[in-house]
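Asks: Provided below are the primary sequence and the corresponding predicted coordinates.
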Amino acid sequence: MKEIKTIGILTSGGDAPGMNAAIRAVTRTAIYNGWRVYGIYRGFEGLINGEFKELTTESVSNTVQRGGTFLKTARSEAFRTPEGRKVAYTNLVKHRVDALIVIGGNGSLAGAQEFAREYDIPVVGLPGTIDNDLYGTDSTIGYDTALNTIVECVDKIRDTATSHERIFFVEVMGRDAGFLAQNSAIAAGAEAAIIPEDKTDIDQLEKFIGHGFRKSKSSSIVIVSENQKEGGVMHYVDRVHKEYPQYDVRVSILGHLQRGGRPSAYDRILASRLGYASIEALQEGQRNIMVGINDDKIVYVPINKAIKMDKPIDRELMNVLGALSI
Ligand code: F6P
């Protein structure tokens with residue numbers, strides 16, 4: 001095993017609150033161990049374009065509380081090609097980087113995995129995405145903050161929904177995963193959540209409007225995961241217009257505000273623990289793993305498992321939502 005003296009770190013894909021706290025933890029733990037750290041700007045794109053800058057303990061001062069990622073991020077098309085990855089590797093060799101830490105979601109860790117398969121360099125992934133859709137970790141960096149942001153927004157929407165006795169469809173992020181929708185619905189006391197994991201959306205809508213809503217409520221909130229169907233949230237709104245024209249319906253698409261803002265204490269602590277653990281993992285000779293958290297313990301998950309296996313939604317939570325929204 002080659003001795004590690006220098007590491008590179010980058011953030012990739014959609015930004016997530018707490019990424020800065022993770023960069024800080026990686027940087028400071030590495031320096032504490034006598035290693036050099038290169039921050040690589042703009043994700044894999046910067047790896048290809050040679051955007052390397054050495055990080056010091058001061059470079060990460062005043063970052064733990066800031067949303068976004070000061071290393072910037074990108075979704076790189078060039079890194080999907082073998083030619084792009086070759087240039088990326090040449091740049092790592094040029095800077096004598098012995099190991100790479102990648103903070104990102106599914107797509108970013110898939111890129112990291114492909115790179116580690118082709119080139120002899122240890123890669124450690126940290127789960128950074130608001131979607132919480134990586135297998136093997138109970139939570140991803142940014143998920144808790146985004147969840148709290150959604151709940152704060154839905155609380156506000158609730159005020160106007162109640163005043164006007166309207167049904168609101170609120171679209172939240174999550175790409176192909178319903179964690180944000182399901183848990184924000186419970187936390188905000190929404191009447192229903194329509195999530196990608198549940199294929200019975202037609203029944204859900206009927207169940208909710210045809211029975212629950214009509215029976216006892218004058219206003220209602222339904223949280224809908226984005227990309228659930230062609231047309232997203234508008235698909236459901238169109239259905240209500242056609243099938244239940246007596247109701248006054250409005251839509252709120254929360255969009256990218258869900259990705260911004262100061263990370264919650266939970267995300268800062270999670271990011272700090274995972275960042276610290278990523279350096280420990282490299283010291284132990286680990287490679288091609290994602291560092292995650294399971295039952296409050298640090299775990300190492302092979303990257304290919306983290307990206308390929310489906311993280312199951314807790315079905316019991318749908319029952320909780322159903323029971324509490326009568
Ligand atoms: O993966 C994080 C995420 O915010 C998803 O929830 C969403 O589908 C996507 O990124 C949006 O991507 P973009 O920032 O490219 O619009």
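Replies: Cool, the structure landed. Residues are numbered from 1 along each chain as shown.

Asks: Would you state the strands of this structure in chain order?
Replies: Listed in chain order, the strands of the chain (DSSP state E) span 6-11, 36-40, 52-55, 99-104, 123-127, 167-172, 192-194, 220-225, 249-253, 289-294, 297-302.

Asks: Tell me the strands beside the third one, with direction?
Replies: By that I understand strand 52-55. strand 36-40 (antiparallel) (DSSP bridges).

Asks: pLDDT weak spots in the stretch 201-326 of the chain?
Replies: Within the stretch 201-326 of the chain, the stretches with pLDDT under 70 are 201-204, 207, 210-216, 228-230.

Asks: do that again at 90, thanks
Replies: Applying pLDDT under 90 to the stretch 201-326 of the chain flags residues 201-220, 227-240, 243-247, 318, 322-323, 325-326.

Asks: who in it is up against the ligand?
Replies: By CB under 6 Å from any ligand atom, the residues of the stretch 201-326 of the chain that approach the ligand are 226, 259. In short, each C-beta sits where N, CA and C put it, glycine included.

Asks: Find the centremost residue of this structure, please.
Replies: In the chain, the residue lying closest to the centroid (CA atoms, centre = their mean) is residue 129, at 1.7 Å.

Asks: quick one, phi psi at that residue?
Replies: phi -170, psi 140 (degrees, to the nearest 10).

Asks: Could you report the neighbour count for the nearest residue to it once chain neighbours are set aside?
Replies: The spatial neighbour of residue 129 that comes closest, neighbours along the chain excluded (CB to CB, 6 or more residues apart in numbering), is residue 105 at 3.2 Å. Residue 105 has 25 neighbours, counted by other CB atoms under 10 Å.

Asks: shouldn't residue 105 be in contact with residue 140?
Replies: Yes. Counting by CB atoms under 8 Å, residue 140 is a contact partner of residue 105 at 7.3 Å.

Asks: Now the common contact residues for the two.
Replies: Both residue 105 and residue 140 are in contact with 16, 127-129, 131, 133-134, where contact means CB atoms under 8 Å, 6 or more residues apart in numbering.

Asks: and the ligand, which of those residues reach it?
Replies: 129, 131.

Asks: Make CSV out of the shared contacts of residue 105 and residue 140 and add pLDDT.
Replies: Output for the shared contacts of residue 105 and residue 140, formatted as CSV (pLDDT from 0 to 100):
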residue, pLDDT
16, 98
127, 98
128, 98
129, 98
131, 97
133, 96
134, 97
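
Asks: Using CSV, lay out the shared contacts of residue 105 and residue 140 together with distance to residue 267.
Replies: Below are the shared contacts of residue 105 and residue 140 laid out as CSV (distance: CB to CB, whole Å):
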residue, distance to residue 267
16, 8
127, 11
128, 10
129, 12
131, 14
133, 16
134, 15
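
Asks: Break this structure into its domains for me.
Replies: Following automatic domain parsing, the chain resolves into domains at 6-142+263-308, 145-259.

Asks: first to last residue in the longest one, what's the distance?
Replies: Chord length of domain 6-142+263-308, first to last residue, is 30 Å (CA to CA, to the nearest Å).

Asks: where's the residue nearest to residue 129 relative to the ligand, distance?
Replies: For residue 105, the distance to the ligand equals 5 Å [CB to the nearest ligand atom, to the nearest Å].

Asks: mind listing what that residue touches?
Replies: So residue 105 contacts 13-14, 16, 127-129, 131, 133-134, 140 (CB under 8 Å, 6+ apart).

Asks: Check residue 27 too.
Replies: Contacts for residue 27 (CB under 8 Å, 6+ apart) come out as 9, 37, 39, 55-57, 59-60.

Asks: May I ask which two of those are separated the most?
Replies: Among these, the pair separated by the greatest distance (CB to CB) is 9 and 57, at 14.0 Å.

Asks: which residue ranges form the helices in this structure?
Replies: Listed in chain order, the helices of the chain (DSSP state H) span 19-32, 43-49, 82-94, 106-118, 143-164, 179-188, 201-205, 214-216, 233-243, 265-283, 303-308, 315-324.

Asks: could these go into JSON lines alongside distance to residue 194?
Replies: Converted to JSON lines, the helices of the chain look like this (distance: least, CB to CB, whole Å):
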{"stretch": "helix 19-32", "distance to residue 194": "29"}
{"stretch": "helix 43-49", "distance to residue 194": "32"}
{"stretch": "helix 82-94", "distance to residue 194": "38"}
{"stretch": "helix 106-118", "distance to residue 194": "22"}
{"stretch": "helix 143-164", "distance to residue 194": "14"}
{"stretch": "helix 179-188", "distance to residue 194": "7"}
{"stretch": "helix 201-205", "distance to residue 194": "5"}
{"stretch": "helix 214-216", "distance to residue 194": "18"}
{"stretch": "helix 233-243", "distance to residue 194": "7"}
{"stretch": "helix 265-283", "distance to residue 194": "26"}
{"stretch": "helix 303-308", "distance to residue 194": "25"}
{"stretch": "helix 315-324", "distance to residue 194": "11"}
